[in-house]
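this one's sequence-less:
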C-alpha cells in the first residue's frame, strides 16, 4: 500500500527499481498522491530528496518546531518522516516551590483578609432584672367560714367594725355574715394591722372567700 493514513498525516511509501524505500508524510491525501507520482516519474528528484532530507525549508520548520516545544515546556518529542527522523529532548530547570507560610501569605493577600482571624471576646451573659417586691408578701388572709351576705357594720348607719390601718387582736369581730336570717359574727384569727378589705357592704360571699388581709404584728 504506497499511500496510507498514519496518525494525522498521509504517508507515501515508495520502493524504487534499485530497491531503495522512500517514505514521506503529508498533511492531505491530495499532496500524498501528487508526491507519489512525482517520486515514481522523477527518480533524479527522488534521489536528491533522499540525499538531502534537511533542505533549508525543512531546517526552518525544525527551528519553529523547537521554539514551539520550548515555549510550551514539552519534555520530549520524536518526528519520523521517511528518511528523516528527529528526536528532541529538553531539560527544564526546576522552579523552587514556595513554603506553606509563603502560600498562606499569598492567599491572604489575594483575599484581602488577615491570615489568622482575631480572637473573639465572648459576650457577657445578660443580667437578669431583679423581681419587684410583692407588697402582699407575708400578709395573712381572713376568709369567710360560711356562705351568706357580708356586712361591715353592726347596723345600718353604724361605724364599720374595722377599716384599713386599724389594729386588731385575735378573736376580735371584724364583720357579720348573714345566713338563713341569722347574723353570724366573724372574728379575726390573727393579730395585726388591717391592710385591705376585699368585699363591700351587702355583697354575697362564698365559703372560703377572702375578706381581709392582715399584716401580722
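Ah, there it is. Since we're looking at a predicted model, the values are computed, not measured.

can we go C-alpha only for contacts and neighbour counts from here?
Noted.

Return the set of buried residues in stretch 147-161.
Neighbour counts using 16 or more other Cα atoms under 10 Å place 147-153 of stretch 147-161 among the buried residues.

Tell me how far residue 180 lies from residue 147.
10 Å (Cα to Cα, to the nearest Å).

Repeat that for residue 197.
Separation of residue 197 from residue 147 (Cα to Cα) stands at 17 Å.

where's residue 89 relative to residue 66, distance?
With Cα to Cα as the criterion, residue 89 and residue 66 are 10 Å apart.

any idea how far residue 137 is from residue 176?
The gap separating residue 176 from residue 137 is 27 Å, by Cα to Cα.

repeat for residue 157
34 Å.

cool, residue 9 as well?
For residue 9, the distance to residue 137 - Cα to Cα - is 106 Å.

Counting neighbours, go ahead and name the busier of these two.
It is residue 9, of residue 9 and residue 137, that has more neighbours when counted by other Cα atoms under 10 Å, with 15 against 8.

Grab the nearest non-local neighbour of the more buried one.
Spatial nearest neighbour of residue 9, excluding adjacent residues (Cα to Cα, 6 or more residues apart in numbering): residue 27 at 5.1 Å.

ok, now residue 187?
What sits nearest to residue 187 in space, not counting adjacent residues and going by Cα to Cα, 6+ apart, is residue 173, at 4.2 Å.

ok, the one you found - how many residues close by?
The number of residues packed near residue 173 is 15, by other Cα under 10 Å.

try residue 199
The number of residues packed near residue 199 is 16, by other Cα under 10 Å.

I'd guessed it sits against residue 206; true?
No - counting by Cα atoms under 8 Å, no contact exists between residue 199 and residue 206, whose distance comes to 11.2 Å.

What residues sit buried inside the top helix by length along the chain?
With secondary structure taken from DSSP state H, the chain has its longest helix at helix 56-71. Neighbour-count burial for helix 56-71, with 16+ other Cα under 10 Å as criterion, is recorded at 66, 69.

So what touches that helix?
The contact list for helix 56-71 (Cα atoms under 8 Å, 6 or more residues apart in numbering) reads 75, 90.

Which parts of the protein belong to which domain?
Taking automatic domain parsing as the reference, the chain has its domains at 3-89, 140-216.

Please tell me the pLDDT value assigned to the residue nearest to residue 9.
Turning to residue 27, the model gives it a pLDDT of 79.

shift numbering so it begins at 64
All right, first residue 64 from here; so that's residue 90.

For it, which residues are in contact?
71-73.

hey, which helix or strand in the chain has the poorest pLDDT?
The weakest-scoring helix or strand in the chain, judged by mean pLDDT, DSSP states H and E, is helix 106-114 (a mean of 49).

before we move on, back to that, in strands, which of the buried residues of stretch 210-224 appear?
With DSSP state E as the criterion, strands contain 211-214 from among the buried residues of stretch 210-224.

just curious, which of those is nearest to residue 192?
residue 213 (41.8 Å; Cα to Cα).

what is that closest one paired to in the beta sheet?
Per DSSP bridges, the residues bridged to residue 213 are residue 240.
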